[in-house]
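**Q** I would like to see how this sequence folds:
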Amino acid sequence: MTKSTFGLGTSVRQMLAGMGENNGALVPRGATPEFINGGQTLLDKLESLQSERDKIIDTLKTQRDTARAAIKAKKAAIAVTRAQLKTWKTESAKIVKRTYRNQKEKWVDFGIAVKFAKSKKKSKQ
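**A** Numbering: from 1, shown residues only. Got it, this is the predicted structure:
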């Protein structure tokens, strides 16, 4: 059965403690001090790697939070600038319309759509 890394570490610690206490009985079967030390070394390496991984994860979370804050600030700046640009466009259109009040065909040069009044003729039925 596959154990989680935490479960494996706990199990290996217990195994190492038991092997240390019963070393005399286990040596004839191959549990030499070098073998036991090898298990401890592997356990230490695993814990060190996990610690390094956790530090990387924490760093990435911090960077993510910083990036999110920067994006939020840029979105707010974009919204403000967009609103200002809309206001500018409205004011510009008013200036053009006042300047060329009688020359609506010129409005097209400024990107202003000309709306013609609809006739109010009643259709005969």
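**Q** mind listing what's buried along the worst-scoring helix or strand of the chain on mean pLDDT?
**A** Counting by mean pLDDT, DSSP states H and E, the weakest-scoring helix or strand in the chain turns out to be helix 23-26, with a mean of 82. Residues of helix 23-26 classed as buried: residue 26 (neighbour count, 16 or more other Cβ atoms under 10 Å). Placement of C-beta: from N, CA and C, glycine included.
**Q** helices and strands around that helix, which ones?
**A** Judged by 3 or more Cβ pairs under 8 Å, 6 or more residues apart in numbering; DSSP states H and E, helix 23-26 has no packing partners among the helices and strands.
**Q** quick one: mean pLDDT over the very next helix or strand once past it.
**A** Sequence order places helix 33-99 as the next helix or strand after helix 23-26, per DSSP states H and E. Across helix 33-99, the average pLDDT comes to 95.
**Q** distance from the chain centre to helix 33-99, please.
**A** 6 Å (Cα atoms, centre = their mean, to the nearest Å).
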